[in-house]
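> Sharing a model that was predicted from the sequence below.
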Amino acid sequence: MTTGLVETANGPRPGGVSQVALYPVATLVQKFGGTAVGDPDRIRAVADHVARTVRQGNQVVLVVSAMGKETDSLLRLADDVSSTHPGREMDMLITAGERKAMALMCMALHDLGIPADSFTGSQAGFLTDTEHRNAKILEVRPERVRAALDAGRIPVVGGSQGVSTDNDVTFLGRGGSDTTAVALAHALDADACELYTDVTGVFTTDPRVVPTAKRMDRISFDELLEMTATGCPKPAMRSVEYARTHGVRLHVRSAFTWQEGTWVDEEEPDMEQAIVSAVTYDTSEAKMTISGVPDQPGIAARVFRELAGSGINVDMIVQNVSTEGVTDISFTVPHDDLDRAMSTAGSLATEIGAGGVTSDSAIARVSVVGAGMRTNPGVAATMFETLAECGVNIQMISTSAIRVSCVVSGDRAEDAVKALHENFGLSCN
């Protein structure tokens, strides 16, 4: 943070000399999602907020997503035109939504007397790998963005895009605008990255399921990373990983109320942590079981190497105790990958002499997360007891240092979330 001279709102002093005071000047990266810039009125509202932030003496870099559901519309348009969908052309198409939004935002800022320049991902210096539709950032070279800031202008960057090492336009995937913003904040050594969404912050659970869920004032990177990995939809998990790796302070807040949201930062070691901070749930995965697997060295490695080779992301894994030389292996995969995973596992089961492959797509993963779990025993026992009391059967269990997750029947997920949220005392009343 630097210090600059900023004219106060009190007007000129007697004698016509403007009253000037010293204020801390922060460099902020502000990201606005699709609903926040969904129509002309919303774009003007965001521009007004940015203008006020600048007039308070701050430097602002703006990152915008495509307007509203425009990305979905572009994907539907691609389906109407073609069944082949080459990755290079899909990325060129999808990123058009962000380019449209950033140009319109610059126009709205100019109307308010705030000079602004729009930048595509490549112009902003985002170098990525060659993986179309889900590219990874390799390096950020923000020279043009920094030059615009130094010239007193607002850089408005199209989110979720870059240029590959092959000089092709690339798309960072769903939620990639969050990652764009965090990466820019790191590259520019910004004081904070503000992620503006349609919610007022990070809650102890989904407030649509539990109306008494509390907005958290502060949460650690590790806790939020576990939450986003187990069902919390915002911010994008990749952006939280990037922020934790590079120590970028996040502020998750509403683009509709402008109120203070949830700060995400390093865990303070001298501060007592809540034993459980949040309850999450995820219904986007299915459970697969390969039964009658020969209990021999290397078999499990072969199973999961084949799945990885097919591009299938496996999550929770449970292997039963061997009986008469065979065992069952259960694991979860995203719904979108289920057909491919069943085909891969089915072929492999025949090769290794397994009994067969079954799947269940009507499951949910329910998790409790909290940094205080590291030093407080009994969280898992309380979770299991709570689920038993409300008649929810546990199918699979996995843990980390600050998380316990259970796979349950999908139609009981909300019951489980409500009971756990209540029993761990997370409600606001």
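Cool, the structure landed.

> Got the phi and psi for Ala380?
Ala380 adopts backbone torsions of phi -60, psi -40, taken as degrees, to the nearest 10.

> Which residue, other than its chain neighbours, is closest to it?
Val404 (4.9 Å; Cβ to Cβ, 6 or more residues apart in numbering). For the C-beta atoms, the positions are set from N, CA and C on the backbone; glycine is no exception.

> Thought Tyr281 was touching Ala413, still the case?
Yes. Counting by Cβ atoms under 8 Å, Tyr281 is a contact partner of Ala413 at 5.0 Å.

> can you list residues touching both of those two?
Listed as contacting both Ala413 and Tyr281 by Cβ atoms under 8 Å, 6 or more residues apart in numbering are 364, 366.

> Surely Glu306 and Leu348 touch.
Yes. Using Cβ under 8 Å, Glu306 is in contact with Leu348, at 5.2 Å.

> neighbour count winner among these two?
Neighbours were counted for Glu306 and for Leu348 using other Cβ atoms under 10 Å; Leu348 has more, 20 against 17.

> which strands and helices sit next to the host helix or strand of the more buried one?
Assigned by DSSP states H and E, Leu348 falls within helix 338-352. Contacts defined by 3 or more Cβ pairs under 8 Å, 6 or more residues apart in numbering; DSSP states H and E place helix 338-352 against strand 285-294, helix 299-309, strand 356-360.

> So, low pLDDT: which residues of the stretch 251-400 of the chain?
Across the stretch 251-400 of the chain, the ranges flagged by pLDDT under 70 are 269-272.

> and if you look at the stretch 1-150 of the chain?
In the stretch 1-150 of the chain, residues with pLDDT under 70: 1-24.

> Which stretches in it count as strands?
Assigned by DSSP state E, counting those that start in this stretch, the strands in the stretch 1-150 of the chain fall at 2-12, 18-25, 27-32, 59-64, 116-119, 126-128, 137-140.

> And the last one, what does it pack against?
Counting by 3+ Cβ pairs under 8 Å, 6+ apart, the packing neighbours recorded for strand 137-140 are strand 126-128, helix 176-187.

> strands paired with the shortest one, and their directions?
Put plainly, it is strand 126-128. Partner strands for strand 126-128, per DSSP bridges, with pairing direction: strand 137-140 (antiparallel), strand 161-164 (parallel).

> For Thr257, which of the ones you listed is the nearest?
Among the strands paired with strand 126-128, strand 161-164 comes nearest to Thr257, with 28.7 Å by Cβ to Cβ.

> what does the closest one contact?
So strand 161-164 is contacted by 91, 95, 98, 120-122, 126-130, 135, 137, 169-172, 176, 180 (Cβ under 8 Å, 6+ apart).

> Go again with 7 Å.
By Cβ atoms under 7 Å, 6 or more residues apart in numbering, the residues outside strand 161-164 that reach it are 95, 98, 120-122, 126-130, 135, 137, 169-172.

> ok, and the most crowded of these?
Thr170 leads these on contacts (other Cβ under 10 Å) with 33 neighbours.

> got the contact list for Asp80?
Applying Cβ under 7 Å, 6+ apart, no residues contact Asp80.
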